[in-house]
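> Have a look; sequence and predicted model below, questions after that.
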Amino acid sequence: MGNVMRQEKTNPEPDNSDSMFKACSSTFTDCDSLVVLSDYPCRDISEPIFKIGDKLKGLSQEGCWWKVRSRQQGTENYIPSNYVAKVYHGWLFEGISRQKAEELLLLPGNGVGSFLIRESPQERGVYSLSVRHRTIKHYKIFRLTNSWYYISPRLTFQCLEDMVNHYSDSSDGICCALSTPCLALSNPASRTTREAPPVVMRHNLDWKNVNKSQLMSTGELDNMDSKDNMMSYGVRSSIAAYLSLTSVPELENAKGRKKKGKSVYVMPDHSNRNADEDY
């Protein structure tokens, strides 16, 4: 305490820049993160530094400009304050419009049940729930005189957290149960992407050198686990049946050849299979 007092006496006019920085920084300590609402700069001007849906960490505020750090790249830059919104609890977005909520919920990484609660940009303390389903559904959140919240009058909640927890367990009147907060996957690289299905490579089949016994032998067809099988059971069955039929005229019309017994393929009996089996 003594050291502080002596320093104040020796510096009667302290530099206010540090205290201003602390005051500006404190405006970001109560929120989880900032979310970019529109590409900045506009794509008509240059390649955006920040893209819609990116999550940022607020560092300081200088008038209408905020110094921020990207949570994805770790880079620091300035962005106008009207291009970002504060996010609390991961799902409470401060001061965004209905249209902007729809744009955010339609971004990659959000699926059925993704949601956010938005505070009206016109009136503080007025909230709505937006949920992604087949379309984006919106539900106005009402408030009783005792400050309890509700969407349906038969269900009231002491706080918004209780409301989110309830509708996460059951849809209970809304379009679907809440799954994950909007933009829960903040890293674009980790957002939901459908990977290409694995490709199973089989050795090429030379039809000119195919031995009919490989197609028409019932023992070969029934042995589904054989490593020498060149094609699936169904394909081999179809080809074998076709060859057994088309080979008959050739045997009957052949001249000067020794008579050969007809090669007949007996289709396996599947009558014992379960009738409800899905093919």
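Nice, I can see it.
> Help me confirm that Asn110 comes into contact with Pro181.
No - Asn110 is beyond contact range of Pro181, at 9.2 Å (criterion: CB atoms under 8 Å). (Glycine included, C-beta is placed from N, CA and C.)
> if you count what's nearby, which of the two comes out ahead?
Asn110 (24 against 19; other CB atoms under 10 Å).
> Wait, a strand at the more buried one?
No - read with DSSP: H, G, I helix; E, B strand; the rest coil, Asn110 is coil and lies in no strand.
> what ranges do the helices span in this protein?
In the chain, helices defined by DSSP state H lie at 2-10, 17-25, 98-105, 160-169, 212-216, 218-222, 233-253, listed in chain order.
> pull the CA atoms of the fourth one into PDB?
The one in question is helix 160-169. Output of helix 160-169 as PDB, limited to C-alpha atoms (Å, rounded to 0.1, in the frame of the first residue of the first chain):
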ATOM      1  CA  LEU A 160     -33.100 -19.700 -20.000                       C
ATOM      2  CA  GLU A 161     -30.700 -22.400 -19.000                       C
ATOM      3  CA  ASP A 162     -33.500 -24.500 -17.600                       C
ATOM      4  CA  MET A 163     -35.500 -24.000 -20.800                       C
ATOM      5  CA  VAL A 164     -32.600 -25.100 -23.000                       C
ATOM      6  CA  ASN A 165     -32.000 -28.200 -20.800                       C
ATOM      7  CA  HIS A 166     -35.700 -29.200 -20.900                       C
ATOM      8  CA  TYR A 167     -36.000 -28.900 -24.700                       C
ATOM      9  CA  SER A 168     -32.700 -30.700 -25.100                       C
ATOM     10  CA  ASP A 169     -34.300 -33.700 -23.500                       C
END
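> for it, packing partners?
strand 115-119, strand 127-132, strand 149-150 (3 or more CB pairs under 8 Å, 6 or more residues apart in numbering; DSSP states H and E).
> Would you format these as CSV with mean pLDDT included?
Shown next, in CSV, are these (pLDDT from 0 to 100):
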stretch, mean pLDDT
strand 115-119, 96
strand 127-132, 97
strand 149-150, 97
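> Now render those as TSV, adding distance to Gln72 and mean neighbour count.
Shown next, in TSV, are the helices and strands packed on helix 160-169 (distance: least, CB to CB, whole Å; neighbours: other CB atoms under 10 Å):
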stretch	distance to Gln72	mean neighbour count
strand 115-119	20	24
strand 127-132	22	22
strand 149-150	33	16
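> These: which one's closest to Cys175?
strand 127-132 (5.8 Å; CB to CB).
> Tell me the predicted confidence for Ser81.
The model reports Ser81 with a pLDDT of 92.
> For the chain, give me the ranges with low pLDDT.
Across the chain, the ranges flagged by pLDDT under 70 are 1-27, 29, 185-237, 240-279.
> Now do the domain split for it, please.
26-85, 92-187, 208-250 (automatic domain parsing).
> Quick check: Val87 touching Val35?
Yes - counting by CB under 8 Å, Val35 is a contact partner of Val87 at 5.4 Å.
> Name all residues that make contact with Ser171.
Ala177 (CB atoms under 8 Å, 6 or more residues apart in numbering).
> do you know how far it is from Gly74?
39 Å (CB to CB, to the nearest Å).
> just Cys176 next, same as before
36 Å.
> For those two, indicate the residue with more neighbours.
Neighbour count, other CB under 10 Å: between Cys176 and Gly74, Cys176 has more, with 16 against 8.
> Pull the contacting residues for that one.
Val112, Gly113, Val131, His133.
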